[in-house]
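**Q** model this:
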Amino acid sequence: KYGNICGYTEEDIKEKFKEYLDDIDLKEMSKWYDGYWFLKDKLYNPFDILQYLQNKTLKNYWFTSGTPSFLIKLLKEKRYYLPRFSNIVVDEELLNTFDIDEIKVETILFQTGYLTIKRVLKEDEITEYELTIPNKEVKISLSKCIINQIPK
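**A** A predicted model of the protein is given here:
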């Protein structure tokens, strides 16, 4: 019901930002800022879209707007195997966890936007979610900003 509350759909962008799209490569913009899915439509990150339309430059706006020091600390503590960021399968319970002492890295990555739902896997009464990195911007954030800060 509220799956689209956290972003812009492609229709939203084409309708509401029509006057700003003259010099914009929509396919490139999609690679960088689209890809979030919360069980309704694919969504663009709204902060990035506003920055991009103003600056006309594809770059990493979202990650540089705040420092995820808590996430870097958690990744260091849990010694998370970083190549596992794509195609992670989790159950519903994991996505709804909020206990910071017991929270799993996958949950934090999902709740902070580093991972999004790729597809829903249902078998009998069990629902699981395959998570993945949503777009180029997040992939760059993970590889350049986070991985470089974690000791090898």
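**Q** measure the residue of the chain most remote from its centre to Glu92 for me?
**A** What lies farthest from the middle of the chain is Asp124; by C-alpha atoms, centre = their mean that is 28.6 Å. Distance check for Asp124 against Glu92: by C-beta to C-beta, to the nearest Å, it reads 14 Å. For every residue, glycine as well, the C-beta is placed using N, CA and C.
**Q** Packing partners of the worst-scoring helix or strand of the chain on mean pLDDT?
**A** In the chain, the helix or strand scored least confidently by mean pLDDT, DSSP states H and E is helix 69-78, which has a mean of 71. Under the contact criterion of 3 or more C-beta pairs under 8 Å, 6 or more residues apart in numbering; DSSP states H and E, the helices and strands touching helix 69-78 comprise helix 105-111.
**Q** now the helix it packs on: how far from the chain's centre is it?
**A** 10 Å (C-alpha atoms, centre = their mean, to the nearest Å).
**Q** buried stuff in the next helix or strand after it?
**A** Downstream of helix 105-111, the first helix or strand assigned by DSSP states H and E is strand 116-123. When neighbours are counted by 16 or more other C-beta atoms under 10 Å, the buried residues of strand 116-123 are found to be 116-118.
**Q** Can you convert these into JSON lines and add a column each for pLDDT?
**A** Compiled in JSON lines, the buried residues of strand 116-123 are given as follows (pLDDT from 0 to 100):
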{"residue": "Thr116", "pLDDT": "93"}
{"residue": "Ile117", "pLDDT": "93"}
{"residue": "Lys118", "pLDDT": "93"}
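**Q** can I get these in TSV with distance to Lys139?
**A** What follows is those, written out as TSV (distance: C-beta to C-beta, whole Å):
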residue	distance to Lys139
Thr116	12
Ile117	17
Lys118	14
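**Q** CA atoms only for the helix or strand containing Ile49, dumped as PDB, please.
**A** For Ile49, the host element (DSSP H and E) is helix 46-55. This file holds the C-alpha atoms of helix 46-55, laid out as PDB (Å, rounded to 0.1, in the frame of the first residue of the first chain):
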ATOM      1  CA  PRO A  46      14.400  11.500  -4.400                       C
ATOM      2  CA  PHE A  47      17.400  13.300  -2.900                       C
ATOM      3  CA  ASP A  48      19.600  12.300  -5.800                       C
ATOM      4  CA  ILE A  49      17.000  13.200  -8.400                       C
ATOM      5  CA  LEU A  50      16.700  16.700  -7.000                       C
ATOM      6  CA  GLN A  51      20.500  17.100  -6.800                       C
ATOM      7  CA  TYR A  52      21.000  15.700 -10.300                       C
ATOM      8  CA  LEU A  53      18.300  17.900 -12.000                       C
ATOM      9  CA  GLN A  54      19.800  21.000 -10.300                       C
ATOM     10  CA  ASN A  55      23.500  20.200 -11.100                       C
END
